[in-house]
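1. Sequence plus predicted model, see below.
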Amino acid sequence: MKIRLLLGLALAGALFGMVGATAGADTAPLTNPKTFFWAPGQGLTASTSDQLQNDLIYHGGNVGTGAIGVEQKPAVYLVWWGAPWAQGFNTMDTNGSMYTSKALQNYLQSFFQNVGGSPWANIQTQYCAYALAGSTNCVGGGGFVQNPKGQLKGVWTDPSPVPNDIVTLGLAENLVDDPIASEAVRAVQHFGYNRDATYIILTPPTSIGTGEPYYCGYHTQTSTVDGLGNTERLQYAFIPWLNTNWPGLGPEDCGMHNVNATSNAFGNGVFDAWSIVTGHEYGEAVTDPDNFASIQDGWNDDQTSENGDKCAWLNTQNIPLGGKKFAVQPLWSNAAYDSTGNGCVVSGP
């Protein structure tokens, strides 16, 4: 769900003094606010009855140069940012069992290697780039989201240093030298530019301040006026470390063991959060990628809730992909809602 300018500043204001020392005092207008996915209990995540009783609306897909409306040929690049990913480390399950960072990387890479062509990703194919603004379907439209296999186009382990306060910097919104956006630009320099891609930045364990509202991830878009030197608008998502007992929250609060109560060798259970949260951001970036000058011009409802927001933490479950199972949340389907009254589904359209 998009946190509008005033709310974003309210959340960041108490932190700005300590953030400014790291990020610099030179700031620019907030041209690409993040769309945060909050941990349960943070007061900003739970789907409301209103969200579950209205369709996604198309907002024209035409805000600013380079607007695309939807990602028609979805692609994903994963960036494991930070030396710990290159060196390898262990993470503890709730029962004390240890899993390696390599096991986590294999889990999430397997998810994106196999999500293309799946019934879950097929939910997105009802949405398009050339519908009339205000439409809730694509009758007469074109430029549909496709569901090709092989959507994972590249994986990069970047051992360059990650700022210690990376989660705080993400919450503080769009400082001109936002290191997460800068890393997304470096990813484009590494992989090449793909207008239909989401560049997903994942960081190793870090710390956050006690009492800080904790989000599980977000997606947004850079622009040609963000001061980062990129010449193209690009979609990126940030996924902080999800298996840590943050102050005031247990490790389960971003989805660890949300679907699978016990873990297996592959990582179902201990890594449930990673497919739930990263899948949520992927689905939203595909159907509502543009986020320029505080305007989301793709598919979102009259509360600016996207296809992941509307079903956040509702009826999470395993889906089969590539001979494995992965925990996911449902995605919103206008077609399903209009037909059955239930828009939160795991296959479609």
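-> Sure, I can see it. Numbers count the residues shown, from 1 in each chain.
2. quick one: the helices in this structure?
-> Taking DSSP state H as the test, the helices found in the chain are 5-13, 16-23, 83-87, 101-115, 119-122, 166-171, 179-191, 272-287, 334-340.
3. Hmm, Leu234 and Tyr193 touching each other?
-> Yes: counting by C-beta atoms under 8 Å, Leu234 is a contact partner of Tyr193 at 6.9 Å. In short, each C-beta sits where N, CA and C put it, glycine included.
4. more neighbours, the two?
-> Leu234 (24 against 15; other C-beta atoms under 10 Å).
5. And that one, how far from Thr136?
-> According to C-beta to C-beta, to the nearest Å, Leu234 stands 28 Å off from Thr136.
6. List the contacts of the residue nearest in space to the middle of the chain.
-> By C-alpha atoms, centre = their mean, the chain has its centre lying nearest to Glu281, at 2.2 Å. Residues near Glu281 by C-beta atoms under 8 Å, 6 or more residues apart in numbering: 37, 198, 200, 217-219, 237, 239, 308.
7. How many residues are close by the closest residue to it other than its chain neighbours?
-> In space, and not counting its chain neighbours, Glu281 is closest to Ala237: 4.1 Å by C-beta to C-beta, 6 or more residues apart in numbering. Neighbours of Ala237 under the rule other C-beta under 10 Å: 27.
8. Likewise for Lys310?
-> 28.
9. Would you check that it makes contact with Trp332?
-> Yes: between Lys310 and Trp332 there is a contact at 4.2 Å, judged by C-beta under 8 Å.
10. what's the overlap in contacts for the two?
-> Shared contacts of Lys310 and Trp332 (C-beta under 8 Å, 6+ apart): 56, 343-344.
11. now, which of those residues sits nearest Gln317?
-> Distance to Gln317 across the shared contacts of Lys310 and Trp332 (C-beta to C-beta) is lowest for Cys344, with 10.8 Å.
12. which ones are touching the closest residue to Asn122 other than its chain neighbours?
-> Excluding the flanking residues, the one nearest Asn122 by C-beta to C-beta, 6+ apart is Asn147, at 5.0 Å. Contacts of Asn147 were listed using C-beta under 8 Å, 6+ apart, and they are 74, 116-118, 121-122, 124-125.
13. Adding distance to Ala181, write those residues out as a markdown table.
-> Listed next are the contacts of Asn147 as a markdown table, based on distance: C-beta to C-beta, whole Å:
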| residue | distance to Ala181 |
| --- | --- |
| Pro74 | 21 |
| Gly116 | 26 |
| Gly117 | 31 |
| Ser118 | 30 |
| Ala121 | 26 |
| Asn122 | 31 |
| Gln124 | 25 |
| Thr125 | 29 |
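14. Out of those residues, name the ones that lie in strands.
-> Taking DSSP state E, every one of these sits outside strands.
15. got the residue ranges for the strands in the stretch 151-300 of the chain?
-> Taking DSSP state E, counting those that start in this stretch as the criterion, the stretch 151-300 of the chain carries its strands at 152-158, 197-202, 215-221, 235-239, 299-300.
16. Show me what the last one is in contact with.
-> Applying C-beta under 8 Å, 6+ apart, the external contacts of strand 299-300 come out as 2, 56-59, 70, 127, 287-288, 306-307.
17. ok, Ile180 - how many residues close by?
-> For Ile180, using other C-beta under 10 Å, the count is 22.
18. residues touching the residue lying closest to Gly60 once chain neighbours are set aside, list them.
-> Residue nearest to Gly60 in three dimensions, not counting chain neighbours: Ala133, with 3.8 Å by C-beta to C-beta, 6+ apart. Ala133 sits next to 58-60 when contact means C-beta under 8 Å, 6+ apart.
19. now swap in Leu331 and tell me
-> Counting by C-beta under 8 Å, 6+ apart, Leu331 has contacts 120, 123-124, 283, 307-308, 311, 344-346, 348.
20. where in the protein is pLDDT low?
-> 1-33, 41-51, 169-177, 208-213, 223-231, 245-251 (pLDDT under 70).
21. okay, which residue of it is out on the far edge from center?
-> Here the chain reaches farthest from its C-alpha mean at Gly140, the gap being 29.7 Å by C-alpha atoms, centre = their mean.
22. ok so, going back, pipe the helices of the chain into TSV and attach distance to Ser294 per row.
-> Listed next are the helices of the chain as TSV, based on distance: least, C-beta to C-beta, whole Å:
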stretch	distance to Ser294
helix 5-13	6
helix 16-23	19
helix 83-87	33
helix 101-115	29
helix 119-122	29
helix 166-171	17
helix 179-191	16
helix 272-287	16
helix 334-340	24
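23. of those helices, which approaches Thr65 most closely?
-> helix 179-191 (17.2 Å).
24. The closest one relative to strand 235-239, how many degrees between them?
-> Orientation check (axes from the mean of the first three to the mean of the last three C-alpha atoms, to 10 degrees): helix 179-191 against strand 235-239 gives 120 degrees.
25. Could I have the buried ones of the contacts of Glu281 as PyMOL selection syntax?
-> A single PyMOL command selects the buried members of these (16 or more other C-beta atoms under 10 Å):
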select buried, resi 37+198+200+217+218+219+237+239+308
